[in-house]
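**Student:** Need the 3D shape of this:
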Amino acid sequence: MKLSAKQFKLKAEDKDLKLAFVGMSNIGKSMTAKRFAKGFKFKLTEVDKLIWKRLGHDSMEEFADWQGHPYEEGYAEREQLSVEMETHATAKAIDKAKGNVVLDTTGSVIYIDPAVRRRMKENFYVVHIKAEPSDLERLKWDYFDNPKPLIWGRYYRPKEGLSDRENIIDCYPQLLMSRAKEYAAMADTTVTSKFVLDPDLTNEDLWDAIKPSR
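**Tutor:** Presented below is the predicted three-dimensional model:
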């Protein structure tokens, strides 16, 4: 949703500003969305949580365990089901968005039904948290150490002679690069992961960084 600086300010004052954070898993979306909700009293909706609750899970870890890895049997079917549930959860979040709202999307928001993506872009000011080259090593290891469900699609292309873990590490950079373009295409503005993860960042700095410049 394209907004001028004045429109952004008025919507916030009128309690009608809807924000959505997009970006790669483990890039800082959830932390930033929660910080925004706490610091500026926005209502927070976490799409991942809507999905794992629908599955009857109690945590993100259980959701990640359920979806599994692309080299495991039945992964493709679970991946498809996950996208379908995410489409439903995102549409539900859009429908229920009232007041000042911040939407913490999943890293796979680019794969949900195009009509729902369009609705989000029409109704939310979308902020892309961009992964930089320096984030690549951290994100690769976070895939194993801080597991979250991840849609691989056609970007998991295992090579003969590599272990399952080695193939994940080998394929991850291409997945990251492909997603970066699609996140950017959805966004109204972009901030870097380095910026949002800076321990010295203030709430006012965050607000100033995401609001339209004019």
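**Student:** if I pick the closest residue to residue 153 other than its chain neighbours, what's in contact with it?
**Tutor:** Among residues not flanking residue 153 along the chain, residue 111 sits closest, at 7.0 Å (C-beta to C-beta, 6 or more residues apart in numbering). Glycine gets a C-beta too; all of them are placed from N, C-alpha and C. With contacts defined as C-beta atoms under 8 Å, 6 or more residues apart in numbering, residue 111 is in contact with 83, 86, 151, 153.
**Student:** Only the buried subset of those residues, as a PyMOL command please.
**Tutor:** A single PyMOL command selects the buried members of those (16 or more other C-beta atoms under 10 Å):
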select buried, resi 83+86+151
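**Student:** what's the farthest-apart pair in the contacts of residue 111?
**Tutor:** The most widely separated members of the contacts of residue 111, counting by C-beta to C-beta, are 86 and 153 (13.4 Å).
**Student:** Residue 2 sits in which helix or strand?
**Tutor:** Element membership for residue 2 (DSSP states H and E) is empty, with no helix or strand holding it.
**Student:** so what's it closest to, chain neighbours aside?
**Tutor:** Closest residue to residue 2 apart from its sequence neighbours, by C-beta to C-beta, 6+ apart: residue 188 at 6.3 Å.
**Student:** Please tell me how far residue 34 sits from residue 104.
**Tutor:** Residue 34 sits 8 Å away from residue 104, going by C-beta to C-beta, to the nearest Å.
**Student:** actually residue 155, not the one I wrote
**Tutor:** As judged by C-beta to C-beta, residue 155 and residue 104 stand 23 Å apart.
**Student:** So the two - more neighbours on which side?
**Tutor:** Ranked by neighbour count (other C-beta atoms under 10 Å), residue 155 and residue 104 place residue 104 first, with 23 against 16.
**Student:** Which pLDDT does the model give that one?
**Tutor:** Per-residue pLDDT puts residue 104 at 96.
**Student:** who's it bridged to?
**Tutor:** Per DSSP bridges, the residues bridged to residue 104 are residue 21, residue 46.
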